[in-house]
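1. no FASTA, just this:
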């Protein structure tokens, strides 16, 4: 390895450690669940997982993956159009489209790949992207890629500011395709996008609306069908991207859900689809089982929301001021990155695994500990976590 590069990177790593922002990996010896065994720490409560519905360890989801391993083997061996597409991928894509209320869907190895594929493939030099200021990093990188490959333009509108978006849409009136992109639920805030307002603006300005629903699929709406169901707008969003790696089993994968024409065109031209193996069939089968489980058990979504309210109110009663909201993402703002990481370290010492986030993941001065609730958490789990928050918060003079 080049000596100069190693020296540069090592200096950066030492700086991370000096500033208290170095990220240490914690190793789990068991499935993702409300309580797990962590190397060197024994049993801890997980309060930092995207396993919103508790499906990662759901027996029928796990068994579906095992059965697919026996039926289809370990991997796909090549890309889909070269060596064939497994029937489980077709079944999964039909289920994903059915779940989020679109005509069709196309699966990818991750939602990052799905986001990366969409704009760069369907847009051209006469088009423009309008992106929310707080959109996920995968969307930011997707826009950079689209500007490079498709030669389209892009602008950022102020977070959730419909007036600013309106002004930018009016300024882009001469563009052939105008693509507005937003997260459905903003992962660091837990805030829900104003989907009715966005859809109205898009209709008025002949723009397409794309929603990354990764933190809403399986979470929002009475049946967990996402932001569109939450607002009574199923079938009214042009393009939805989402993940199979959070509420839907927590394994891996993502998808684009849209018209059959969009999905077919992505099949023909999207580089992450053309030049990368498909999801391993065992993962696709587990994800399919998760969608089908959710369709049969909407009460799991109701349990998630009840536990979310209980934990949020518990934090407030202790004197914390979590960001307002109704999603299972509950951020506790601390301001300083080092303090957020110190608090997460102290909580882990107290048996609660919850992650501290600082710049550049969140803006400077807005470092936080982000709690994430699962439908699988019991009242005992949540009460034990609240007790740890109280003890650590008092030691840090946060409450």
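-> Good, I have the coordinates. On a predicted model such as this, the values are computed, not experimentally measured, just so you know.

2. how far out from the middle of the chain is stretch 49-57?
-> 13 Å (Cα atoms, centre = their mean, to the nearest Å).

3. ugh, typo on my part, it should be stretch 32-52
-> 19 Å.

4. who does the strand or helix carrying residue 255 touch, helix- and strand-wise?
-> In the assignment (DSSP states H and E), residue 255 maps to strand 254-258. Under the contact definition 3 or more Cβ pairs under 8 Å, 6 or more residues apart in numbering; DSSP states H and E, strand 254-258 sits against helix 87-100, strand 104-108, helix 111-122, strand 239-243, helix 260-269. Yep, even glycine has a C-beta here, placed from its N, CA and C like the rest.

5. between the ones you listed, which one is nearest to residue 299?
-> helix 87-100 (16.6 Å; Cβ to Cβ).

6. what residues are up against residue 327?
-> Residues near residue 327 by Cβ atoms under 8 Å, 6 or more residues apart in numbering: 185, 190, 191, 192, 215, 216, 219, 220, 308.

7. Parallel or antiparallel, list what pairs with the strand holding residue 255.
-> Each strand paired with strand 254-258, and its direction, by DSSP bridges: strand 104-108 (antiparallel), strand 239-243 (antiparallel).

8. which of the residues in the lengthiest helix in the chain are buried?
-> Using DSSP state H to define each element, the chain has its longest helix at helix 299-318. By neighbour count with 16 or more other Cβ atoms under 10 Å, helix 299-318 contains the buried residues 300, 301, 303, 304, 305, 307, 308, 311, 312, 314, 315.

9. One more: stretch 336-354?
-> Counting neighbours by 16+ other Cβ under 10 Å, stretch 336-354 gives 336-337, 339-344, 346-348, 350-354 as buried.

10. ok, these vs residue 49, which is closest?
-> Checking the buried residues of stretch 336-354 one by one against residue 49 (Cβ to Cβ), the nearest turns out to be residue 353, at 8.5 Å.

11. Quick check: residue 50 is in a strand.
-> No. Applying DSSP: H, G, I helix; E, B strand; the rest coil, one finds residue 50 to be coil, outside a strand.

12. Residue 221 versus that one, what's the distance?
-> 17 Å (Cβ to Cβ, to the nearest Å).

13. Give me the subset of the buried residues of stretch 336-354 lying in strands.
-> 352, 353 (DSSP state E).

14. burial measure for residue 42, as a count.
-> Burial of residue 42 is recorded as 9 neighbouring residues (other Cβ atoms under 10 Å).

15. Same check on the one 3 residues further on?
-> Counted with other Cβ under 10 Å, the neighbours of residue 45 add up to 24.

16. give me phi/psi at it?
-> phi -90, psi 130 (degrees, to the nearest 10).

17. what does residue 82 give?
-> According to degrees, to the nearest 10, residue 82 has phi -90, psi -50.

18. which residues does it contact?
-> Per Cβ under 8 Å, 6+ apart, neighbours of residue 82: none.

19. Make residue 1 into 890 and carry on from there
-> Okay, using 890 as the starting number, the last item reads as residue 971.

20. From residue 1040, how far out is it?
-> In terms of Cβ to Cβ, residue 971 sits 29 Å off from residue 1040.

21. follow-up on the earlier one: of the helices and strands packed on strand 1143-1147, which approaches residue 926 most closely?
-> It is, among those and with distance given as Cβ to Cβ, strand 1128-1132, at 25.7 Å.

22. Can you give the distance of that closest one from its chain's centre?
-> 10 Å.

23. now do stretch 1077-1093
-> With Cα atoms, centre = their mean, you get 17 Å for stretch 1077-1093.

24. try stretch 984-1000
-> Distance, centroid of stretch 984-1000 to centroid of chain: 15 Å (Cα atoms, centre = their mean).

25. can you tell me the average pLDDT over that stretch?
-> The average pLDDT within stretch 984-1000 is 97.

26. Buried ones in it, by neighbour count?
-> 984-986, 988-991, 993-1000.

27. just curious, which of the residues you listed is nearest to residue 1184?
-> Among the buried residues of stretch 984-1000, and counting by Cβ to Cβ, the member closest to residue 1184 is residue 988, at 7.3 Å.

28. my read: the closest one touches residue 1110, true?
-> No. Counting by Cβ atoms under 8 Å, residue 988 stays clear of residue 1110, with 10.1 Å between them.

29. ok, the nearest residue to residue 1268 once chain neighbours are set aside to residue 1270 distance?
-> Nearest non-adjacent residue to residue 1268, counting by Cβ to Cβ, 6 or more residues apart in numbering: residue 1199, 7.3 Å away. As for residue 1199, its distance to residue 1270 is 11 Å (criterion: Cβ to Cβ).

30. For the stretch 940-1089 of the chain, just list every one of the strands.
-> Using DSSP state E, counting those that start in this stretch, the strands of the stretch 940-1089 of the chain run over 993-997, 1017-1021, 1042-1046, 1067-1072.

31. Quick one: closest of the ones you listed to residue 1139.
-> strand 993-997 (16.0 Å).

32. which residues make contact with that closest one from outside it?
-> Against strand 993-997 from outside (Cβ under 8 Å, 6+ apart): 978, 981-983, 985-986, 1003, 1006, 1133, 1142-1149, 1151-1153, 1155-1156, 1159, 1161-1162, 1167-1168, 1173.
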